[in-house]
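Enquirer: prediction below, plus the sequence it came from.
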Amino acid sequence: MPARILVAEDDRKQAALIRRYLEREGYEAAVVHDGRAALAHARERAPDLLLLDVVLPGVDGLDVCRSVRAERDVPIIMLTARAGEDDLLLGLALGADDYLTKPYRPRELVARVAAVLRRAARAARAEPQRYAVGDLVVDLARHEVHAGGRPVGTTPAEFAILACLAASPGRAFTRGLLLERVGGFDRDVTGRTIDMHVMNLRRKVEPVPTRPRYLRTVFGVGYKLVDPSEEELGGAR
C-alpha cells in the first residue's frame, strides 16, 4: 500500500504543488490548510508521515507537532520560512525528524520524505534486539528506550541514532557515518542536524545534560555511547 502523507500548508498553491509531486512518486497525499484540521486528520486517519508548515492558522505547526508527538510515533517533517537556529532547534526538540527551509525544491522535499519513511520502516522491521549500556536500555523490538528504569520518548530519528550507538558501545561514530546508518538528511546541513538530535537525546537520557555520562562527544570525530562505570574519559566528554 502507498504511504499516506498529510500535508498541512496554508499556501494553497504550494500545497497543491506538493501534493502533485508526492502523488507522482506513488504516495497517497491529503492536504489541509490549518492546524486544527491537521490535528483532526492526524487523529482520525493516522497518516504515515506529516509535512507541517510552521506557520498555520488556528494552531501553528509547532503546536501540532507537539500534540501529535505526544499521542503517537509518526515521522514529521517541518516546513519553515524561519531560518533561525532557535526555530530549528525548537522544531527538533518537539519531535520533528527533519526540516526544510523555504524556498525549497519539490524534488528535494520528496527525497526527504522518502529518506524519513525508509528510516522509520527500518526501525519497525528491526530484529528483536535489546541493548543495555549501563542503566540505559534500547529495545529495538519494542521500539522503546529506558534510562535509569524510566521510559524515554524518542522521535524515529533519535531512536535510530541511539540504537546505532548502543549496538557498538565505546565506538566513535563520525557524523557522516551516523547519517549513513540512520538513512538521513541532506548532506549540506546534516552534520548540524545530527548535533541537534544528540542534544535532544541528552536532555532525555542524561541525569545532567550539560555533563553527559552516556552520549559523549569525541572531539574532532563525532559521538559515542559509553557505560559510565567502564569507560575511561580520556579526551571525550
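Expert: Perfect, thanks for sending it.

Enquirer: quick one: the helices in this protein?
Expert: Taking DSSP state H, the helices of the chain run over residues 12-24, 35-45, 61-71, 85-93, 106-124, 156-167, 175-182, 190-205.

Enquirer: show me the shaky parts of the chain.
Expert: Scanning the chain for pLDDT under 70 picks out the ranges 82-89, 123-128, 181-191, 230-237.

Enquirer: for the residue at minimal distance from the centre of the chain, which residues are in contact?
Expert: Against the mean C-alpha coordinate of the chain, by CA atoms, centre = their mean, the closest residue is D97 at 2.4 Å. Residues in contact with D97 (CB atoms under 8 Å, 6 or more residues apart in numbering) are P75, I76, I77, V116, R119, T155, P156, A157. The way it works is simple: take the backbone N, C-alpha and C, and place the C-beta from them, glycine included.

Enquirer: closest one of those to D48?
Expert: Nearest to D48 among these is P75, at 7.4 Å by CB to CB.

Enquirer: that closest one contacts P47, doesn't it?
Expert: No: using CB atoms under 8 Å, P75 makes no contact with P47, being 9.5 Å away.

Enquirer: okay, the two: which has more neighbours?
Expert: Of the pair P75 and P47, P75 is the one with more neighbours under other CB atoms under 10 Å, namely 26 against 21.

Enquirer: from A114, how far off is that one?
Expert: 11 Å (CB to CB, to the nearest Å).

Enquirer: equivalent analysis for G91, please.
Expert: As judged by CB to CB, G91 and A114 stand 20 Å apart.

Enquirer: check E23 too.
Expert: 14 Å.

Enquirer: just give the closest residue to A114, not the sequence neighbours.
Expert: Using CB to CB, 6 or more residues apart in numbering and skipping residues adjacent in sequence, the residue nearest A114 is E25, 7.6 Å away.

Enquirer: wait, the one you found sits on V110?
Expert: Yes: assessed by CB under 8 Å, E25 is found in contact with V110 at 5.4 Å.

Enquirer: distance from stretch 129-136 to the middle of the chain?
Expert: For stretch 129-136, the separation from the chain centroid amounts to 21 Å (computed by CA atoms, centre = their mean, to the nearest Å).
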